[in-house]
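> Let's see this in three dimensions:
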Amino acid sequence: MFQESGKVTHNLTLRTSNRSSAVASEKEAYVTVFESAREIFNLRSVTNDGNISIRAYMREQAAVKHGLDVWHLCENLAKNLAKKAKLAVSVCVIHNKGLHA
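Down below sits the predicted model:
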C-alpha cells in the first residue's frame, strides 16, 4: 500500500510455460486473476504486456481502463521511433541524391 495516497498496488507474475499452450493459458490465467481481483478491489485500471487475446477480453470490461505496462510501452515507443528515424534518413538520402544527380 502506498501510505501517502492510501491506494493499493499489487503485481503478480504468472508462469504458463508448463502448459501445452502458453499463449492460450496466459489469457485463462489472466481472466482468473482479474476476476478474483475485481471481487476484492474496485479496479479502475490494469496494465500488462499487450497480449492480443487479453486486449480483446479487456475491451469487454468497459469499466476498467487497460494499457501496456511501462516496459512494453517503452519497447513499443523505441521501435516506433527507430522506424521513423529510418524513414527520415531514407527521405534525406533520396532528397540528397536528387539534388546531386
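
> so where is this structure shaky, pLDDT-wise?
1-23, 87-101 (pLDDT under 70).

> Which stretches in it count as helices?
Listed in chain order, the helices of the chain (DSSP state H) span 22-40, 52-59, 70-100.

> can I get these in JSON lines with mean neighbour count and distance to residue 46?
(Each C-beta comes from the backbone N, C-alpha and C, glycine too.) Shown next, in JSON lines, are the helices of the chain (neighbours: other C-beta atoms under 10 Å; distance: least, C-beta to C-beta, whole Å):
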{"stretch": "helix 22-40", "mean neighbour count": "14", "distance to residue 46": "7"}
{"stretch": "helix 52-59", "mean neighbour count": "14", "distance to residue 46": "7"}
{"stretch": "helix 70-100", "mean neighbour count": "10", "distance to residue 46": "13"}
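
> how about the nearest residue to residue 34 once chain neighbours are set aside, what does it touch?
Of all residues beyond its chain neighbours, the one nearest residue 34 is residue 46 (7.0 Å), with distances taken as C-beta to C-beta, 6 or more residues apart in numbering. With contact set as C-beta atoms under 8 Å, 6 or more residues apart in numbering, residue 46 has these partners: 34, 58, 64-67.
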